[in-house]
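[1] Sharing a sequence plus its predicted fold:
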Amino acid sequence: MFSRRKKPPELPPVEKTAGEFRVVDGEEYLDEIFENDMKISRSFTRFQLSNEEYEENYEKVIKSLLSTGEHKFFVAVDKYGRYLGHVWVCLKVDTVDFVPSAYIYDIETLFPGIGIGSALLEKAEEWARKNGARKVSLRVDVNNPARKWYSEKDYSERAVIMEKPL
């Protein structure tokens, strides 16, 4: 008389399935990408901003970045399609060498140390190469432990960004 819908099977915790990841096109995951990025990026800011001010400025920056260049997002997912990390890469003409160049705006993983970041970086570099980029670059803060990891991936320091708080 009454039909009962089957309850979807309960999934194992993502921590248990993260090791079996694959890298996929990230267009379907943009909401998760920016939601996670906003949380993680917040921890890097050195200025006192209210949550409202931070979110408003974050949105402005993202819109500005997306307004130029050719963008590609890749996402690492577990076997159930759950988000584990992402990379955001953009193709532009470099302002120093004047050649097609890829710039990695963002690479983040929820589970460091299991190869997700390496797989995402490789996928971004492969896409950039296939799309004509002659080099790839990114920015990493001097105190970020990822600096050593990038060196191990054959990235070298070419410039120094100088800044002064006002």
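    Sure, I can see it. Numbers count the residues shown, from 1 in each chain.
[2] Do a quick rundown of the strands in the protein.
    22-25, 70-77, 83-93, 100-109, 135-138 (DSSP state E).
[3] partner strands of the last one, parallel or antiparallel?
    To tie it back to what came earlier, the one meant is strand 135-138. strand 100-109 (parallel) (DSSP bridges).
[4] repeat for the longest one
    Strand 83-93 has these partner strands in its sheet, going by DSSP bridges: strand 70-77 (antiparallel), strand 100-109 (antiparallel).
[5] For the protein, which segments count as helices?
    Listed in chain order, the helices of the chain (DSSP state H) span 14-17, 30-42, 51-66, 116-130, 146-152.
[6] wait, which of these is closest to residue 83?
    Checking the helices of the chain against residue 83 by C-beta to C-beta gives helix 30-42 as the closest, at 4.5 Å. The C-beta positions use only the backbone N, C-alpha and C, and glycine is treated the same way.
[7] which residues sit against the closest one?
    26, 54-55, 58, 62, 73, 75, 83, 86, 88, 106, 108, 110 (C-beta atoms under 8 Å, 6 or more residues apart in numbering).
[8] how about it: buried residues?
    Residues of helix 30-42 classed as buried: 33-34, 36-37 (neighbour count, 16 or more other C-beta atoms under 10 Å).
[9] Make a PyMOL selection of the buried ones in the contacts of helix 30-42.
    Buried residues within these, by 16+ other C-beta under 10 Å, are selected in PyMOL with:
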select buried, resi 26+54+58+62+73+75+83+86+88+106+108+110
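[10] Save the contacts of helix 30-42 as JSON lines, and put in distance to residue 157 and pLDDT too.
    Listed next are the contacts of helix 30-42 as JSON lines, based on distance: C-beta to C-beta, whole Å; pLDDT from 0 to 100:
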{"residue": "26", "distance to residue 157": "28", "pLDDT": "96"}
{"residue": "54", "distance to residue 157": "29", "pLDDT": "94"}
{"residue": "55", "distance to residue 157": "32", "pLDDT": "94"}
{"residue": "58", "distance to residue 157": "27", "pLDDT": "95"}
{"residue": "62", "distance to residue 157": "27", "pLDDT": "95"}
{"residue": "73", "distance to residue 157": "26", "pLDDT": "98"}
{"residue": "75", "distance to residue 157": "28", "pLDDT": "98"}
{"residue": "83", "distance to residue 157": "31", "pLDDT": "97"}
{"residue": "86", "distance to residue 157": "24", "pLDDT": "98"}
{"residue": "88", "distance to residue 157": "21", "pLDDT": "98"}
{"residue": "106", "distance to residue 157": "19", "pLDDT": "94"}
{"residue": "108", "distance to residue 157": "21", "pLDDT": "94"}
{"residue": "110", "distance to residue 157": "27", "pLDDT": "95"}
